[in-house]
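Asker: Only the shape, not the letters, is given here:
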């Protein structure tokens with residue numbers, strides 16, 4: 001083989017390797033997003049089991065607009081931890097690839113009447129995924145959640161919530 005032929009072969013192999021790696025990274029990102037949806041569903045089920053047993057969602061130390069409970073990321077509020085301590089979930093789910101730009105779960109229990117929601121509907125929780133890897137903007141499967149003075153979908157790419165009553 002001549003040097004030119006070897007360089008052509010090495011270039012082709014490099015090009016094929018980069019195409020394969022790009023496809024693999026896209027598949028991994030979609031798999032992590034699937035896990036994020038599964039984690040949110042697991043928390044929803046645990047919250048409903050908790051509600052069935054105690055007649056209310058777990059409390060938290062404050063009921064304002066800030067201070068999302070982010071569980072395993074070092075910012076804890078006691079909203080999710082009772083699900084773990086009471087055995088409704090084995091451990092608080094963590095985003096599979098959390099960093100500053102991607103991922104991150106947030107959850108919070110709000111008091112009745114916050115953000116203009118009807119106080120008659122009771123307290124409510126909000127579960128959200130800040131950023132997904134395989135899409136940008138609102139994900140097609142996001143149920144969304146809003147009250148008259150606040151739309152949580154603007155803060156999350158996937159969000160849901162539920163009233164106690």
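Answerer: Yes, it's here. Here the structure is a predicted model, which means the values were calculated and not measured.

Asker: where does residue 99 land on pLDDT?
Answerer: Residue 99 is assigned 64 on the pLDDT scale.

Asker: cool, and residue 86?
Answerer: You'll see residue 86 listed with a pLDDT of 92.

Asker: nearest residue to it other than its sequence neighbours?
Answerer: Excluding the flanking residues, the one nearest residue 86 by C-beta to C-beta, 6 or more residues apart in numbering is residue 50, at 6.8 Å. Bear in mind the C-beta positions are built from the backbone N, C-alpha and C, glycine included.

Asker: Within the helices and strands, which one has the one you found?
Answerer: Assigned by DSSP states H and E, residue 50 falls within helix 3-54.

Asker: circling back: around the residue nearest to residue 86, count how many other residues there are.
Answerer: Counted by other C-beta atoms under 10 Å, the residues lying close to residue 50 total 18.

Asker: Residue 4 too?
Answerer: Summarising burial for residue 4: neighbours were counted as other C-beta under 10 Å, giving 8.

Asker: Then the one 10 residues further on?
Answerer: The number of residues packed near residue 14 is 10, by other C-beta under 10 Å.

Asker: Over to residue 142?
Answerer: Count around residue 142 with other C-beta under 10 Å applied: 20.

Asker: for residue 96, phi and psi?
Answerer: Main-chain dihedrals, residue 96, degrees, to the nearest 10: phi -70, psi -10.

Asker: Hmm, residue 124 is touching residue 110, no?
Answerer: Yes - here residue 124 reaches residue 110: they are 5.5 Å apart, a contact under C-beta atoms under 8 Å.

Asker: quick one: common contacting residues for the two?
Answerer: Taking C-beta atoms under 8 Å, 6 or more residues apart in numbering as the criterion, residue 124 and residue 110 both touch residue 117.

Asker: Now do the same for the residue sitting nearest the centre point of the chain: its pLDDT.
Answerer: Geometric centre of the chain, nearest residue: residue 129, 2.8 Å, by C-alpha atoms, centre = their mean. We have a pLDDT of 90 for residue 129.
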